[in-house]
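Chemist: next come a sequence and a model predicted from it.
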Amino acid sequence: MNCCVPSAHSAVYLHHASSSGSGRCKFGNGYPKWVLTKSDRHHLNCIWKVYASRSSDGDGNVDSPGNSLRKLLESPGIHLGPACFDALSAKLVEGAGFDFCFTTGFGISAARLGLPDTGLISYGEVVDQGQKITGSVSIPVIGDGDNGYGNPMNVKRAVRGYINAGFAGIILEDQVSPKACGHTQGRKVVSRDEAVMKIKAAVDARKESGSDIVIVARTDSRQAISFEESIWRARSLADAGADVLFIDALASKEEMKKFCEVYPLVPKMANMLEGGGKTPILSPMELADFGYKLVAYPLSLLGVSIRAMQDALVAIKGGRLPSPGSMLSFEEMKELLGFNAYYEEEKRYASKISQLQPDQGYISSSKYSYNTQNQDTGNQNEQDPAIEVVTPEIYYEDSSYRPFGIWNQRLRVKITGRDGIERLDVKIPAGFLDGITNIVPALGGINLKELLDDERDEVGGKILLDFNDSMGDRIQVFLE
């Protein structure tokens, strides 16, 4: 493990590891360096095995996003994938029980830029949004790669970027630049040869990256040229190495059925553009009967979100709140966003450093319980739950390594209640100044670093601060 600037988090970890007898800390180049022992490496291996077991195939092999999607394509039945446009919408898709989802360029352009899907959004913006989306869910995500953002060399870069962003698949189309939504007017496509070369470039980029990302080849030639042209291109794109075929904006059931007859063993994707696209809206059963494997619903989440926000704004402008049935309660929102899970996980670390709770005042060690909740009434019968204050210890492998500067100074923080009872008395290395305000929030507005700098030549025993807080308690900080 490399050297790092000491922090309150590393201090707790050093204390825990040293007290358990696993590793040692020494100073080098002015910073603590953690030396991994055999016990540490075993612990890290255990963590990796736990992680791997969550997404393995049963034999200990961890599935990549691409492999997870490939297994889905090989499984029976048709698979429905609502399109997301940000991390929250992706989490909702996964929470609803879907096996995978798409990203939509239409939705990302709308949500991120507030602009139409007419080629205005850049490759970098889409990849950045994609990283946030894939990082928020565990299901495979197929990313809208537009036309690859340029020529075949741009396509290779786009494929590598989508792989690094965590996408399971990438959709690549044959539109010219600037591209646009396939169901809008004025669609134009590149030549047959360039369309094929782009898919070959994508396949090469995948191979060179050692990845198994799924390449979905899309042609917009149905509306740009003819149905016959789109069928020719679909065959050629499959020959070039595409894993899934997609003809956008097919205009009838008959066209959809004929498309699925092209290379029946190559999975087909259908686009059910909600609200008035060119393709007939069919049920999943009908699409499965035709031979489709994947179905995208690109605008459902974006469309209902826009309408819900418009309705809420109308209510607020009229002096009302949105109706309770139209929105989640605050508790439901917190549960959805993971607040409760966060609080539960936070408890695992709460005993390592003092914290302030809004309804309890200061909470310190079990030896010094500092309670302001009942001071006005003088009732001291109820004791707040105590949280241990851990004073980090530094262990030296060699006595020649000693801390210096601020790390060679210790602060003593003492709090005496207005009733004369001692509430807190703890010694803290001065290097952990940031953690002191977690113990005594009243020190939050005081520049302790500056006070220490002023007293750098003092040998110790000097009082730095002595004041009463707003509750009347006396707070003292000594330089030991």
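Modeler: Everything's here; your move.

Chemist: any stretches of the chain with poor pLDDT?
Modeler: Flagging of the chain using pLDDT under 70 yields the residue ranges 1-62, 180-186, 351-408, 431-439, 455-461.

Chemist: now F98: phi and psi?
Modeler: Main-chain dihedrals, F98, degrees, to the nearest 10: phi -80, psi 150.

Chemist: and if you look at G145?
Modeler: phi -100, psi 10.

Chemist: residues in contact with it?
Modeler: Residues near G145 by CB atoms under 8 Å, 6 or more residues apart in numbering: A158, V159, Y162, I170, I171, L172, E173. To be clear about C-beta, it is placed using only N, CA and C from the backbone, and glycine gets the same treatment.

Chemist: ok, now G130?
Modeler: Neighbour list for G130: T103, V141, G143, Y162, A165, G166, F167 [criterion: CB under 8 Å, 6+ apart].

Chemist: ok, back up a step: quick one: which of the contacts of G145 sit in strands?
Modeler: I170, I171, L172 (DSSP state E).

Chemist: so who does the first one touch?
Modeler: Okay, so that is I170. Shown in contact with I170 (CB under 8 Å, 6+ apart): I142, G143, G145, A158, V159, Y162, A202, I213, V214, I215, V216.

Chemist: how about a cut-off of 10 Å?
Modeler: Counting by CB atoms under 10 Å, 6 or more residues apart in numbering, I170 touches 66, 103, 130, 142-146, 148, 155, 158-159, 161-163, 202, 205-206, 213-217.

Chemist: got a winner among the contacts of G145 for most neighbours?
Modeler: Compared across those, Y162 has the highest neighbour count, 32 neighbours, by other CB atoms under 10 Å.

Chemist: let me see the contact set for it.
Modeler: 103, 123, 126-127, 130-131, 134, 141-145, 168-172, 202, 205-206, 211, 213.

Chemist: sorry, back to before: quick one: which of the ones in strands among the contacts of G145 is nearest L443?
Modeler: Closest approach to L443 among the ones in strands among the contacts of G145 (CB to CB): I170, at 52.3 Å.

Chemist: distance-wise, check that closest one relative to F100.
Modeler: To F100, I170 is 13 Å away according to CB to CB, to the nearest Å.

Chemist: cool, and K156?
Modeler: 24 Å.

Chemist: part of a strand, is I142?
Modeler: Yes: assigned with DSSP: H, G, I helix; E, B strand; the rest coil, I142 falls within a strand.

Chemist: pretty sure it is touching F100, no?
Modeler: Yes: with contacts counted by CB atoms under 10 Å, I142 reaches F100, the gap being 6.7 Å.

Chemist: tell me, what's touching the two both at once?
Modeler: In contact with both I142 and F100: P65, L69, G81, A168, G169, L294, using CB under 10 Å, 6+ apart.

Chemist: which ones are touching G124?
Modeler: By CB under 10 Å, 6+ apart, the contact set of G124 is Y149, G161.

Chemist: now the nearest residue to V126 once chain neighbours are set aside, what are its backbone angles?
Modeler: Closest residue to V126 apart from its sequence neighbours, by CB to CB, 6 or more residues apart in numbering: I108 at 6.1 Å. Dihedral pair for I108: phi -70, psi -40, per degrees, to the nearest 10.

Chemist: looking at it, I108 is touching L120, isn't it?
Modeler: No: contact status for I108 versus L120: not in contact, 11.1 Å apart, counting by CB under 10 Å.

Chemist: which one's more surrounded, these two?
Modeler: Set side by side, I108 and L120 show more neighbours around I108, with 25 against 12, by other CB under 10 Å.

Chemist: tell me how far the more buried one lies from G169.
Modeler: Counting by CB to CB - I108 and G169 are separated by 16 Å.

Chemist: what ranges does the stretch 151-300 of the chain have for its helices?
Modeler: When secondary structure is read from DSSP state H, counting those that start in this stretch, the stretch 151-300 of the chain shows helices at 152-164, 192-209, 221-224, 227-239, 253-260, 284-290, 300-317.

Chemist: a markdown table for those helices, including distance to P116?
Modeler: As requested, the helices of the stretch 151-300 of the chain are exported to a markdown table (distance: least, CB to CB, whole Å):
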| stretch | distance to P116 |
| --- | --- |
| helix 152-164 | 21 |
| helix 192-209 | 24 |
| helix 221-224 | 17 |
| helix 227-239 | 24 |
| helix 253-260 | 27 |
| helix 284-290 | 28 |
| helix 300-317 | 13 |
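
Chemist: please identify the most buried of these.
Modeler: Ranked by mean neighbour count under mean count of other CB atoms under 10 Å, the helices of the stretch 151-300 of the chain are led by helix 221-224, which reaches a mean of 24.

Chemist: what does that helix contact?
Modeler: Residues outside helix 221-224 that contact it (CB under 10 Å, 6+ apart) are 173-176, 182-190, 192, 195, 227-234, 247-251, 255, 259, 278-279.

Chemist: cool, stretch 322-339 as well?
Modeler: By CB under 10 Å, 6+ apart, stretch 322-339 touches 88, 91-92, 95, 136, 308-309, 311-316, 321, 340-345.

Chemist: swap in 6 Å and give it another go.
Modeler: A312, A315 (CB atoms under 6 Å, 6 or more residues apart in numbering).

Chemist: what's the answer for stretch 88-102, then?
Modeler: Contacts of stretch 88-102 (CB under 6 Å, 6+ apart): 72, 79, 81-84, 133, 136-137, 139-142, 296, 301.

Chemist: narrow those to those in strands?
Modeler: Short answer: the contacts of stretch 88-102 in strands (DSSP E) are H79, G81, P82, A83, C84, V141, I142, A296.

Chemist: nearest to G420, of these?
Modeler: C84 (60.1 Å).

Chemist: for that closest one, list each beta-bridge partner.
Modeler: Per DSSP bridges, the residues bridged to C84 are T103.

Chemist: quick one, what contacts it?
Modeler: C84 is in contact with A90, V93, C101, counting by CB under 6 Å, 6+ apart.

Chemist: same question for V266.
Modeler: A238, L245.

Chemist: gap between it and V176?
Modeler: In this view, V266 and V176 are 25 Å apart by CB to CB.

Chemist: same thing with G114?
Modeler: Note on G114: its distance to V176, by CB to CB, is 25 Å.

Chemist: compare those two and say which is more crowded by neighbours.
Modeler: V176 (16 against 7).

Chemist: next up, the contacts around the more buried one.
Modeler: With CB under 6 Å, 6+ apart, V176 has these contacts: K188, V190.

Chemist: what separation do you get for I463 and R412?
Modeler: 9 Å.

Chemist: what number of residues lie near G241?
Modeler: Neighbour tally, G241, other CB under 10 Å: 16.

Chemist: can you tell me which of the contacts of C84 end up in helices?
Modeler: A90, V93 (DSSP state H).

Chemist: between the contacts of C84, which sits nearest G444?
Modeler: A90 (37.1 Å).

Chemist: ok, and the closest non-adjacent residue to that closest one?
Modeler: A90 sits nearest to C84 (CB to CB, 6+ apart), 4.1 Å away.
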